[in-house]
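Visitor: Give the three-dimensional model of this entry:
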Amino acid sequence: MKSRTRGITAAVAAIAATALVAGCSAGGSGSGGGDGASATLTLGTNGEITSWDPGQAHVGHQLQPYQVAYDTLILREPDGSYSPMLAEEWSYNEDLTELTLELRDDVTFSDGAAFDGEAVKANLENLRDSNGRQSGQVAAMESVEVVDADTVTVVLAQPDPAFEFYLSQAAGLMGSPASLGTDAMISTPVGTGPYVMDTAQTVSGSQLVFTAREDYWNPDLQKFDSIVLKPFDELTARLNAALSGQIDAGLIDAPSVDQATGAGLTLIEDYRVDWSGLLLMDRDGVIVPELADVRVRQALNHAIDRDTVLQSIARGYGEVTNQVFGPDSGAYVDELDERYPFDPELARELLADAGYPDGFELPVTAIPGFESAMAVLTQQFEDIGVRVRPISAPGATMLQELADRQHATLIWNLFQGEPWVAINQMISTDALYNPFDSTSGELQTMIEAVRTGGDDSAELAQQVNDYVTENAWFVPFYRADQLYVYDAEKISVEPQVQQAVPSIYNYSPVE
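Guide: Numbering: from 1, shown residues only. From the prediction side, this is the model:
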């Protein structure tokens, strides 16, 4: 399926970070500020950007670097609300298939070219045609009509409740049309954003240096004179850089928290983006016949002591849950978090009622990095007679194997934010994480109501949430804290809802 293929491309790029986190400036110092000192923000990032062409942009922790050099059409505030950025205002037509954006007329790209409606058209079409990691964000886009220099209308083949969200993310990043798709743009960004790359000081694999644009249209967003991004593929190296003051902020994992806070770094927690758990994808019993019975899937949910799982895997940094939509999504339903209390006796009764009093063998797939989750799951399922057969899948091929219906279950972390994004990631028949196309007429009606619901879409998604929870499509464990540390003597940081790391606009120097 076309949408699912795009999903594979996007998810492959995020695998390393999923397993890891589930995750000096030229002068040798972090951010300063005050007393005439140059304010430099130095951030540790999870790896390096492979291409600065916005058509290849990604999300999660990889969105933040693009924000240094690129503006988006819509700005997403720390609380998730939307504000003008390159688009000053926007509105839908009555049937939600045309989104008209009124653009700023005082913006230029760093190469001097003017930002206008033709630039918006070029960027949206570049994302659609590039088969980039987030090209699925414009899957519903039928055409882009340039009304005049400062007005564009995006025509959608069908309503997309997440389209404004996408325009605050990868789809909204605007690069200079002359540079899109060029080899030069792979290494050097050309955007309208607050900073430009200093190629003389930038060393690939070591540090990416950006300086504030003198002619930037919104100087209030330029809180630092320069920003340095230091890529770290290894979490230990990133932690050591934070401890030694080489970087001002970065993501860490639960086992590193005590060391980081003990060294004086400030921890942002209670800041959740993903849920962690087991996907029961084979709901028709193609590979595992037992999973076709909802009582079996419900039994697996009752078998999990989620408090123990949270402590064992994430050291308590998170919040147990029975549902796959988070509290900030609008689709969250309070009472669903009590739907599957830990009750091994009830789990055994449900298995017996389904015809499996002696349990059964359950193949469970995971990539490297999820060994702790596999061990805890194996022990807890064994207590109700379900014998786990671990399947270790290489990260490079696992998602294609998933799309090819080779795996019945999967231990994984998935986004719990915007309802329409989550639905198309794990619930709809186009979703990568619904490879067996599980659905029903009832569910399809609910999904269509979300699609066409406009401002009520998130609330309507509560019905989808209730359906997949009651039918035990998943075995959620917990909502994981994103553990982000920073040096509070140098910078202040505001978390960004539903985002793996804060937006670049959320950092300020300490005066």
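Visitor: what about the strands in the stretch 1-150 of the chain?
Guide: For the stretch 1-150 of the chain, the strands identified by DSSP state E, counting those that start in this stretch occupy 40-45, 74-76, 82-84, 87-92, 98-103, 141-148, in order along the chain.
Visitor: winner for burial among those?
Guide: Neighbour counts (mean count of other Cβ atoms under 10 Å) averaged over each of the strands of the stretch 1-150 of the chain peak at strand 40-45, with a mean of 26. For every residue, glycine as well, the C-beta is placed using N, CA and C.
Visitor: quick revisit: of the strands of the stretch 1-150 of the chain, which is nearest residue 61?
Guide: Between residue 61 and the strands of the stretch 1-150 of the chain, the shortest gap by Cβ to Cβ is with strand 40-45, which sits at 7.0 Å.
Visitor: so what's residue 477 up against?
Guide: Under the criterion of Cβ atoms under 8 Å, 6 or more residues apart in numbering, the contact partners of residue 477 comprise 275-278, 304, 306, 309-310, 313, 320-321, 373.
Visitor: Columns distance to residue 446 and mean pLDDT on top of the strands of the stretch 1-150 of the chain, output as JSON lines?
Guide: Putting the strands of the stretch 1-150 of the chain into JSON lines (distance: least, Cβ to Cβ, whole Å; pLDDT from 0 to 100) gives the following:
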{"stretch": "strand 40-45", "distance to residue 446": "39", "mean pLDDT": "97"}
{"stretch": "strand 74-76", "distance to residue 446": "26", "mean pLDDT": "97"}
{"stretch": "strand 82-84", "distance to residue 446": "25", "mean pLDDT": "97"}
{"stretch": "strand 87-92", "distance to residue 446": "22", "mean pLDDT": "98"}
{"stretch": "strand 98-103", "distance to residue 446": "24", "mean pLDDT": "98"}
{"stretch": "strand 141-148", "distance to residue 446": "24", "mean pLDDT": "98"}
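Visitor: and of those, who's closest to residue 224?
Guide: The nearest among the strands of the stretch 1-150 of the chain, by Cβ to Cβ, is strand 40-45 at 4.5 Å.
Visitor: hmm, back to that, could you dump the strands of the stretch 1-150 of the chain to JSON lines with distance to residue 449?
Guide: Formatted as JSON lines, the entries for the strands of the stretch 1-150 of the chain read as follows, by distance: least, Cβ to Cβ, whole Å:
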{"stretch": "strand 40-45", "distance to residue 449": "39"}
{"stretch": "strand 74-76", "distance to residue 449": "25"}
{"stretch": "strand 82-84", "distance to residue 449": "23"}
{"stretch": "strand 87-92", "distance to residue 449": "17"}
{"stretch": "strand 98-103", "distance to residue 449": "20"}
{"stretch": "strand 141-148", "distance to residue 449": "22"}
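Visitor: Of all these, which one is nearest residue 129?
Guide: Between residue 129 and the strands of the stretch 1-150 of the chain, the shortest separation by Cβ to Cβ is 11.0 Å, and it involves strand 141-148.
Visitor: who does the closest one touch, helix- and strand-wise?
Guide: helix 117-129, strand 151-156 (3 or more Cβ pairs under 8 Å, 6 or more residues apart in numbering; DSSP states H and E).
Visitor: residue boundaries of the helices in the stretch 201-350 of the chain?
Guide: 235-243, 257-262, 294-302, 306-314, 344-353 (DSSP state H, counting those that start in this stretch).
Visitor: Reformat those into TSV and put mean neighbour count, mean pLDDT and distance to residue 326 next to each item.
Guide: Shown next, in TSV, are the helices of the stretch 201-350 of the chain (neighbours: other Cβ atoms under 10 Å; pLDDT from 0 to 100; distance: least, Cβ to Cβ, whole Å):
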stretch	mean neighbour count	mean pLDDT	distance to residue 326
helix 235-243	19	95	24
helix 257-262	14	96	21
helix 294-302	23	98	18
helix 306-314	19	96	15
helix 344-353	18	98	26
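Visitor: can I get those helices in CSV with distance to residue 471?
Guide: As requested, those are exported to CSV (distance: least, Cβ to Cβ, whole Å):
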stretch, distance to residue 471
helix 235-243, 37
helix 257-262, 36
helix 294-302, 6
helix 306-314, 19
helix 344-353, 14
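Visitor: Now residue 310: closest residue in space that isn't a chain neighbour?
Guide: When the adjacent residues along the chain are set aside, residue 310 lies closest to residue 478, with 4.5 Å between them (Cβ to Cβ, 6 or more residues apart in numbering).
Visitor: Roughly how far does that neighbour sit from residue 322?
Guide: Going from residue 478 to residue 322 by Cβ to Cβ, to the nearest Å gives 10 Å.
Visitor: Find the residues that touch each one of the two.
Guide: For the pair residue 478 and residue 322, residues contacting each of them under the criterion Cβ under 8 Å, 6+ apart are residue 306.
Visitor: that older thread, what's the model's confidence in the host helix or strand of the residue nearest to residue 310, averaged?
Guide: Using DSSP states H and E, the secondary-structure element containing residue 478 is strand 474-481. Averaging the model's pLDDT scores along strand 474-481 yields 96.
Visitor: what lines up beside it in the sheet?
Guide: Strand pairing for strand 474-481, determined by DSSP bridges: strand 272-280 (antiparallel), strand 318-320 (antiparallel).
Visitor: what about the shortest one, average pLDDT?
Guide: This points to strand 318-320. Averaging pLDDT residue by residue across strand 318-320 gives 95.
Visitor: burial measure for the spatially closest residue to residue 62 that is not a sequence neighbour, as a count.
Guide: Nearest-residue entry for residue 62: residue 49, 6.9 Å, with adjacent residues in sequence omitted and distances by Cβ to Cβ, 6+ apart. Residues near residue 49, counting by other Cβ atoms under 10 Å, number 21.
Visitor: For residue 49, give me its contacts.
Guide: The neighbourhood of residue 49, defined by Cβ under 8 Å, 6+ apart, consists of 62, 65-66, 208.
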